[in-house]
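Visitor: I need the structure of the sequence given here:
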Amino acid sequence: MIQLRHIATPLLLIVALAGCGEEAGAPELRVRGDPEAGAAAIRSHGCGICHTIPGIAGADATVGPPLVHYDERAYVAGVLPNTPRDLIRWIVDPPAVDPRTAMPELGVSEEEARDIAAYLYRRTGERK
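Guide: Below is the predicted model of the structure:
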């Protein structure tokens, strides 16, 4: 019986840690966008004029919040749960979500927003 306890405890710890890793990566697994197309959309819509965005040259502004470690955030813009669907919704039309936001509607299509979300979830954890 003592031997079973010595084996079971480390196994339970390993299973628990494996579950934690899966949870942290869950949003990026659900976005079907193209991160490279997302980077291009970020550049073409001028997101770096207001935000610091790792991996985007010249995107080092401080008007809006830095878009770093996006997969670790609890909320999108402080008003929506951080899910791919809500992030896409926010990127397409921020004032429709929060009329008091300073972030303008930039004419981003849903497909571009999906690609931008894929970029933010997959690439913003990297250091600049």
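
Visitor: Would you agree Arg32 is in contact with Ala118?
Guide: Yes - at 7.5 Å, Arg32 counts as touching Ala118 under the criterion of Cβ atoms under 8 Å. Yep, even glycine has a C-beta here, placed from its N, CA and C like the rest.

Visitor: So if I had to pick from these two, which one is more boxed in?
Guide: Ala118 (25 against 10; other Cβ atoms under 10 Å).

Visitor: That one - that's part of a helix, no?
Guide: Yes - according to DSSP: H, G, I helix; E, B strand; the rest coil, the state of Ala118 is that of a helix.

Visitor: Could you find the closest non-adjacent residue to it?
Guide: Using Cβ to Cβ, 6 or more residues apart in numbering and skipping the chain neighbours, the partner closest in space to Ala118 is Gly33 (3.3 Å).

Visitor: what separates the one you found from Pro99, distance-wise?
Guide: Using Cβ to Cβ, to the nearest Å, one obtains 27 Å as the distance from Gly33 to Pro99.

Visitor: can you check Gly38 too?
Guide: Taken as Cβ to Cβ, the spacing of Gly38 relative to Pro99 amounts to 26 Å.

Visitor: With neighbour numbers in mind, choose between those two.
Guide: A side-by-side neighbour count of Gly38 and Pro99, using other Cβ under 10 Å, places Gly38 first with 25 against 7.

Visitor: Tell me which residues of the helix or strand hosting that one come out buried.
Guide: Assigned by DSSP states H and E, Gly38 belongs to helix 35-44. Taking 16 or more other Cβ atoms under 10 Å as the neighbour-count basis, helix 35-44 is seen to contain the buried residues Pro35, Ala37, Gly38, Ala39, Ala40, Ala41, Ile42.

Visitor: So which of the residues you listed sits lowest on pLDDT?
Guide: Checked by pLDDT, these have Pro35 as the lowest-scoring entry (94).

Visitor: Assess the claim that that residue and Ala117 are in contact.
Guide: No - if you go by Cβ under 8 Å, Pro35 and Ala117 don't touch, sitting 9.2 Å apart.
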